[in-house]
Structure formats: C-alpha cells, structure tokens
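**Q** turn this into a model:
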Amino acid sequence: MLEVKDLHVNVEGKEILKGVNLEVKDGEIVAFMGPNGSGKSTLSYVLMGHPKYEITKGKIIYNGEDITEMEPNERAKKGLFLSFQYPQEIPGVSVSNFLRTALNSKREAPISVMDFRKLLIEKLELLKMDKSFMNRYLNEGFSGGEKKRAEILQFAVLEPKMAILDETDSGLDIDSLKVVANGVNAIKTKDMSILIITHYQRILDYVIPDRVYVLVDGKIVQSGGKELVHELEEHGYEKWGSSESASEAEA
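**A** From the prediction side, this is the model:
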C-alpha cells in the first residue's frame, strides 16, 4: 500500500528526516513511534504533500504509484487520509456540510442529502457521538477529545484506503481514548491500511499493530513486531540516544 524510500526532508533549511525507509502492506496496522521532536509528524505531513516540507531525496510510493510530487488533494482522492494532531477550527462550516462536501469530492455522483444524513448518523452512533454534533461548526468550541472524535468521524465517513493517524491519542482521557480506539477498530476493513503515529503505547493496547517502527532524530533505529511496543514502554528511547523515556513522553 505504502512504501517510503530513503526519504530526506528539510523544513526551513533544517534536515528533519534523514533517510527514512518504511512500508505499510495492504490491510496492515503499522505503529510509527518516537520521542517528541524526532520527526514523526513531519512524516505525516510529507506523506500528504504539505508544501512547507521540502523533499531533498527519496520517493513515496502509494499503491504502486510514485506520488512524491503529487498535490495533496490528488493524494486524498486516491484514498490517503490524515487525522491531524492539532485540528483547525472552521467557523461557519458545519460538520455535516464539511463531511458531505469532502465525500462528494471522492465520488463520481454526489450522495443525496437524505442518504448522507443516514450515513452520518450511523457513523456518529458508531463513535458514541450525539446527533447534535453534525450541526456544530467544525471544531469551533470543541474540547480536545471532541476534536479527536471529529477526526475519526471524518475517517469513518470517507473510508480511505490508507489512514495516517497523527498522535490521535494525545490529550485524551482514558474513556475518550477507548471510544476513539474502538471506533478505529470498527472502521478498519481487511483491505484498509493504517499508520498510527504516537510516542507512547496506550492506544496500541487497543489498536494492535502488526509492525512497529521507531524513529529517533530523523532516522529509523529499530523495527519489529508488536512486542517492541512493550519494550519501549519498559525502557524508553534512551538505548537509541534519546534522553526522553516513554514515561517522560507520556507525562
């Protein structure tokens, strides 16, 4: 589904990613872990084509196609989705109108208002969200947990082929975390791939990864199976030269 080859990325003249190689196979859940400032969110923005991030070397292959130079909207139409760590408020645009516009941009024929309403209510119930949520302006006045649920609601409605969840677990209490994680598990299909970006293990207790990559100072320093998550929780990132332990990251 996704292959990143020797990716080097600069932001404002500073190299952040220093030769990253990773792959996400069809139907896999892959965790991408690392301490704060290691470059995890940079990778998510680069995968979606954010113009601020300059690729100086390497390629991004998605579904067998080189998308390294592709525009963000074209990547989205091909089934790439990013759940933002810090979702933006959009005053005056309701959750319902935003999601229907986004869904129609992917479809050959627009979905009817009634059919969309039925779909949206189904997804709201899946995520244990009140129906009044659909009429609120996107993220305006939302709590941190509500913003993260709104991101997962977008994920549920758009049903992408490849979802990138950038620290969706950050700032959530345990109840909200369980709701979000259960929603991700319910949305996930056998053909859908998910890349979970996080710096601590707690969401991975609920959304179990097939493989784990560890990023420190812009480089992949370790990869392995789900057991690597528990090793990180016990020992932190110090063995790879980072002063931030897993417990410090969670604090």
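**Q** nearest residue to K190 other than its sequence neighbours?
**A** Closest residue to K190 apart from its sequence neighbours, by CB to CB, 6 or more residues apart in numbering: G27 at 5.2 Å. Any C-beta I mention is one placed from the backbone N, CA and C, and that applies to glycine too.
**Q** the helices in the chain, which residues?
**A** 40-48, 72-77, 95-106, 113-126, 144-158, 174-187, 227-235, 246-250 (DSSP state H).
**Q** okay, those helices in CSV with mean pLDDT next?
**A** As requested, the helices of the chain are exported to CSV (pLDDT from 0 to 100):
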stretch, mean pLDDT
helix 40-48, 90
helix 72-77, 90
helix 95-106, 91
helix 113-126, 91
helix 144-158, 86
helix 174-187, 84
helix 227-235, 78
helix 246-250, 38
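**Q** could you redo these as JSON lines and give each row mean neighbour count and distance to N21?
**A** Below are the helices of the chain laid out as JSON lines (neighbours: other CB atoms under 10 Å; distance: least, CB to CB, whole Å):
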{"stretch": "helix 40-48", "mean neighbour count": "22", "distance to N21": "12"}
{"stretch": "helix 72-77", "mean neighbour count": "14", "distance to N21": "20"}
{"stretch": "helix 95-106", "mean neighbour count": "17", "distance to N21": "30"}
{"stretch": "helix 113-126", "mean neighbour count": "15", "distance to N21": "35"}
{"stretch": "helix 144-158", "mean neighbour count": "21", "distance to N21": "26"}
{"stretch": "helix 174-187", "mean neighbour count": "18", "distance to N21": "25"}
{"stretch": "helix 227-235", "mean neighbour count": "16", "distance to N21": "17"}
{"stretch": "helix 246-250", "mean neighbour count": "16", "distance to N21": "24"}
